[in-house]
Structures are given as structure tokens and as C-alpha cells.
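Colleague: A structural model of the following input is requested.
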Amino acid sequence: MSEEVRIGFLVIILNLKIAESLANRFPDLRVQVIEINGLRVALEDPGLEEFKTQVFADLRNKYTLESLKDQPAFRSYRDFFWKVGVDPTKTRPAAEALIRRVLGGRTIPRINTAVDAYNLGSMTTCVALAAFDLDRIDGDVTMRFADGGEAFHGIGMDKSAVLAGGEVVMADNSRLIAVYPYRDADYSKIDLQTTAMMLVSCGVPGVSLGLLGEAADRACEFVTRFCDGKTSN
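Modeller: You can find the predicted model right below:
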């Protein structure tokens, strides 16, 4: 599908394919996509570490572990997880899992400046975000249901998993790049060599386009603040 979406002061033209079978089952499923080019990704940045401290303090003031479960976006993600066969008590929505770490007195995993920056965007908006190295993406990206027997090698996995079929996935012309909306593929992950990123604001029914745009906009702001780069428009 293709649509024009305003994100902050940018107008991004989206061209993301959603398979008909998936769109028919979840007609309110939406995503927003931003391309960021010219990135300079580092292992860490003192300014980013200071910014994390500020964001974590704000989150601790805003939420408690008890109140977090009632956050509307997280309820929508959990409902979607149940519908696609994922137990959200075992696999929590990504932003919720990160915020829970902070509320429990821990920090978030330090990956690199780009991933850490967009994770802060996710945490401050409660929207799941995914990001892929554009130079490793083969052609168009399609969201669809997985076929039984497809292999997926996610970040942090020792070996590929064989999907049962029916999982919601994102795929390019060659391989699966994500099990939607909670695990990205190792092959196309953002690392220190990444110079161009496809940033995806991952919606589910119940999460508005406005909130998806806010999350994409904020993550883009944080990434370009600490990794340089510019968006394509």
C-alpha cells in the first residue's frame, strides 16, 4: 500500500506491501516508515548516556510497575499478541519490557548509539519500533503471514528457528527480516557499519496513526541527534 503521512515537518511517501490475507484479518494494521541516511553509528556516546539518565528519571516519575500494565498502547499490543499466537506474559511488547527494566532499577542493554537512541524513542511513546540496515535489504518489504517451515534467525538467537506458520512476519525478496512486532533478524540488524536505516513504527489495531507518527518522529530526532544522518523526503 502507498500513502502520504505527515511526520513532524516531514512528508514521507510510504511504499510498504501488506499481504491481502493479513490486511483482511487486521484491517486496522498500520505502520510508518522513515529512511535515515548518512548515519555514523558508534558503540557509545557520553551525551547519549547522559540523555538516557534523564529519560529513565522521567519514566520512573510517570509509571509504576503496577500502572504500566494499564497503559493503552501496551494493552493493544498484548491483545494483538494473543491473536497471533504469542503469549505476552512470556514475550512482552518491546517498549514495555524496556520500561519494566528501568522501573526495576536496571538500565537498558547498550547495543550501539543508533539502537539505543531509537529504543528511547520507543520507551517515551510506548510504540514498538524496528530498524533494518537498508544496504542489506533486498527489494521491497512485505508484511504477511509466515508459511510453515520458514527459517528465521533473530538477533541473539544461536541458530535459526523454524516457524510453524501463521506468524506475522516482515520479509524482503530473499529472507525474513522480522517476526512482527517483537523480533528483528540478525542479518539486517543495525551495527557499527550501518550508514542507512529503515526505521519502522510498528502499529497494531488500537494504536493510532498519530501515535505511530509521534514515535517515528521522536526516534528519528534521537537517532539523528546522536548518529548524525538525515531523512529522505
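
Colleague: can we go C-alpha only for contacts and neighbour counts from here?
Modeller: OK.

Colleague: where does pLDDT dip in the protein?
Modeller: Residues of the chain meeting the criterion pLDDT under 70: 1-15, 233.

Colleague: burial of Gly149, as a residue count?
Modeller: Look at Gly149: counted by other C-alpha atoms under 10 Å, it has 11 neighbours.

Colleague: surely it and Ala161 touch.
Modeller: No - in this structure Gly149 lies outside contact range of Ala161 using C-alpha atoms under 8 Å: 9.0 Å.

Colleague: got the buried residues for stretch 105-116?
Modeller: 108, 112-116 (16 or more other C-alpha atoms under 10 Å).

Colleague: can you put these in a markdown table and add distance to Arg25 and secondary structure?
Modeller: Formatted as a markdown table, the buried residues of stretch 105-116 follow (distance: C-alpha to C-alpha, whole Å; DSSP: H, G, I helix; E, B strand; the rest coil):
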| residue | distance to Arg25 | secondary structure |
| --- | --- | --- |
| Ile108 | 34 | coil |
| Asn112 | 36 | coil |
| Thr113 | 37 | helix |
| Ala114 | 34 | helix |
| Val115 | 31 | helix |
| Asp116 | 33 | helix |
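
Colleague: which two of the residues you listed have the greatest separation?
Modeller: Ile108 and Ala114 (13.6 Å; C-alpha to C-alpha).

Colleague: contact partners of the longest strand seen in the chain?
Modeller: The longest strand of the chain (DSSP state E) is strand 31-39. For strand 31-39, contacts defined as C-alpha atoms under 8 Å, 6 or more residues apart in numbering pick out 5, 12, 14, 194-203, 209, 212-213, 216, 220, 224, 227-232.

Colleague: that strand: partners in the sheet, and parallel or antiparallel?
Modeller: Applying DSSP bridges to the sheet, strand 31-39 is found paired with strand 196-202 (antiparallel), strand 228-231 (antiparallel).

Colleague: which parts of it are buried?
Modeller: Buried, per 16+ other C-alpha under 10 Å, within strand 31-39: 31-37, 39.

Colleague: again with stretch 82-102
Modeller: 88, 92-96, 98-100, 102.

Colleague: kindly report the same for stretch 181-188.
Modeller: The neighbour-count check on stretch 181-188 (16+ other C-alpha under 10 Å) flags 181-188 as buried.
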